[in-house]
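Asks: this one's structure only:
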DNA sequence: CTTGCATTTCGACAGCTATCTAATTAGATA
DNA sequence: TATCTAATTAGATAGCTGTCGAAATGCAAG
C-alpha cells in the first residue's frame, strides 16, 4: 500500500502511467494490449505497471502465462481523500496529552488539536516545555541528517530552522559533521521544570 | 487553473513542492522563510513556487518587496474530486445522441452512457456507424500525431490500434509520415448508410 | 538618482528515469 | 524434455528537471 502521498503523486505523474490507469478503468488488460494501445514496448509497460502495483493502484491476476491487470478502485478512493488533508496525520499522532506531564498545562495553550505549535513561546519556562515536547520525536543513539531534523520539526511548526537551533542551543540536540543526535537529559540546559 | 490531471500530479510529485504545500497549510510564507525551512536557496524555491502557481495551487500577494504565498484551498479541493473520476468527462461530453442521425439506433446499442464503446461491431453496417461516430472527433484540415489519434480514440475504446487501422482502411483517416488527417466524406469507403 | 533588499530569471551541471534491445524467467503444450 | 509464448529483468542511453551561483528585475527609502 502507498506509504506516502509523495510516492503516490510520483506514480501518477507520468503520461504513460496516467493513460494506463485510464485504460484499466475500462476493464482488465494484458501487458500486450496495453503496449499496443499506448504504442510502447512490453518491457516499458511492465516497468510502469510495477510502479503502479507498488502503490497498490493496480493489481494483477495470472491466467496461464498472461497477466490481467486491473485498477484497485478502493485504493484510489482512499488515497484521494488524503489529498485533502495534507500531512495532518503525522502531527496528530504526536499530540501532547499524557495527563501527569507537568508541561501539559503549557502545551495545552501552545499546541493545537492537530499537533501543530501555534507559536514559539518567548519566556524560558514555556519555551522549555515546548522544546521538551519536540525532543520526544528523536530517539537517543540515532543519527539524523539535517533534513530529517527539519522534517520532524515541521510536523509541528514551519520554522524548523529556529527551533532546530534552539534545541541545539539548549544542548538537547548535538551536531557534528551535518549529523544530529539527541543528548541525554542530564546535559540539557533548559529552564523551567526538569 | 490546472488544464490536465497530468500537470497537477507532476506539480505535486516532488518532495520540495509537497513540503512547500505542507508549510503553506500553516499560513502565508515568504520565499526566504520557505528557503530556510526547506534548506534550499531562494532561486530553487522560486522555481517550485512558479510551478505550483501555474497549477493554481498557490497564490501570491505582494507587500513591499516581499511576496506572501498561500495555498488556494478551493483549487485543491476541486482537483482532488477529479482524481476519483478519471477521464470519464472527456468521453461523456461526446455522447452520440442527436435524434435525427440515422446511425443513432446502432449507436444506442454499442455506446454506453459514459460515451464508451462497449464492443466493436463485426458487421459492415454497424461498424460503419461506429466509425462515422468516431471520426467526428477529428477536424478536417488538421494534422494529428499518432499519439493524438490514439488518445482521441481511447476516450471511447481501449483498442485504439485496431480502430485507428479501421479508420484508415475505410479512408476516413489518411496517413503519411506518421501524421494523420481526416478525409472528406466523399472519399470514405464505409458500408451502410451514407 | 543611488543604495539596499526580496525575488525572479538565466545558464550550467548533475542526477534521475522512461525507454529501448537483449537476455532471462515462467507457464502451457506437444 | 523441447518448444512456444507472455512477461519480467538487466543494461545502456537519452531527455528531463531540480539545484545552484550569478545576474537582472523591481520596490522602497534616503
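Replies: Thanks, I have the structure now. It should be emphasised that the depicted structure is a prediction, and the values quoted were computed from it without experimental measurement.

Asks: Would you state the helices of chain A in chain order?
Replies: Secondary structure of chain A, counting by DSSP state H: helices at A:5-12, A:15-24, A:31-38, A:42-54, A:73-84, A:88-92, A:104-110, A:124-135, A:146-154, A:160-169.

Asks: okay if I get these as TSV plus mean pLDDT?
Replies: Listed next are the helices of chain A as TSV, based on pLDDT from 0 to 100:
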stretch	mean pLDDT
helix A:5-12	90
helix A:15-24	90
helix A:31-38	90
helix A:42-54	96
helix A:73-84	67
helix A:88-92	46
helix A:104-110	78
helix A:124-135	86
helix A:146-154	80
helix A:160-169	86
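
Asks: what residues does chain A put near DNA strand C?
Replies: A:10, A:14-16, A:40-41, A:43-44, A:47-48, A:51, A:62-65 (C-beta under 7 Å from any atom of the strand). Every C-beta, even on glycine, is put in place using the N, C-alpha and C of the backbone.

Asks: quick revisit: looking at the helices of chain A, which is nearest to residue B:124?
Replies: helix A:31-38 (24.0 Å; C-beta to C-beta).

Asks: Residues of chain A that sit close to DNA strand D?
Replies: A:30-32, A:42-43, A:45-47, A:49-50, A:60, A:65-67.

Asks: show me the contacts for the closest residue in space to residue A:61 that isn't next to it in sequence.
Replies: Closest residue to residue A:61 apart from its sequence neighbours, by C-beta to C-beta, 6 or more residues apart in numbering or on different chains: residue A:68 at 4.8 Å. Listed by C-beta atoms under 8 Å, 6 or more residues apart in numbering or on different chains, the contact partners of residue A:68 are A:28, A:29, A:30, A:60, A:61, A:62.

Asks: roughly how far apart are the residue with the largest distance to the centre of chain A and residue A:35?
Replies: Distance to the chain centre peaks in chain A at residue A:64, reaching 39.3 Å (criterion: C-alpha atoms, centre = their mean). Residue A:64 sits 18 Å away from residue A:35, going by C-beta to C-beta, to the nearest Å.

Asks: Residue A:59 now?
Replies: Spatial separation of residue A:59 from residue A:35 under the definition C-beta to C-beta is 19 Å.

Asks: More neighbours: the two, which one.
Replies: residue A:35 (18 against 15; other C-beta atoms under 10 Å in any protein chain shown).

Asks: Does the more buried one touch residue A:41 like I think?
Replies: Yes: with contact defined as C-beta atoms under 8 Å, residue A:35 counts as touching residue A:41 (6.1 Å).

Asks: Now do the buried residues in stretch A:122-131.
Replies: A:126, A:127, A:128, A:129, A:130, A:131 (16 or more other C-beta atoms under 10 Å in any protein chain shown).

Asks: Repeat that for stretch A:174-190.
Replies: For stretch A:174-190, by 16+ other C-beta under 10 Å, it's A:180, A:181, A:182, A:183, A:188, A:190.

Asks: can you give me how far stretch A:161-169 is from the chain middle?
Replies: 22 Å (C-alpha atoms, centre = their mean, to the nearest Å).

Asks: quick one: is it near chain B?
Replies: Yes: interface with chain B: stretch A:161-169 contributes residue A:161 (C-beta under 8 Å from any C-beta of the partner chain).

Asks: Contacts for that stretch next, please.
Replies: For stretch A:161-169, using C-beta under 8 Å, 6+ apart, the contacting residues are A:120, A:127, A:131, A:134-135, A:146, A:149-150, A:153, A:157, A:173-175, A:180, B:36-37, B:39.

Asks: Mind doing that once more with 7 Å?
Replies: Here stretch A:161-169 makes contact (C-beta atoms under 7 Å, 6 or more residues apart in numbering or on different chains) with A:120, A:131, A:134, A:135, A:149, A:150, A:153, A:157, A:173, A:175, B:36, B:37.
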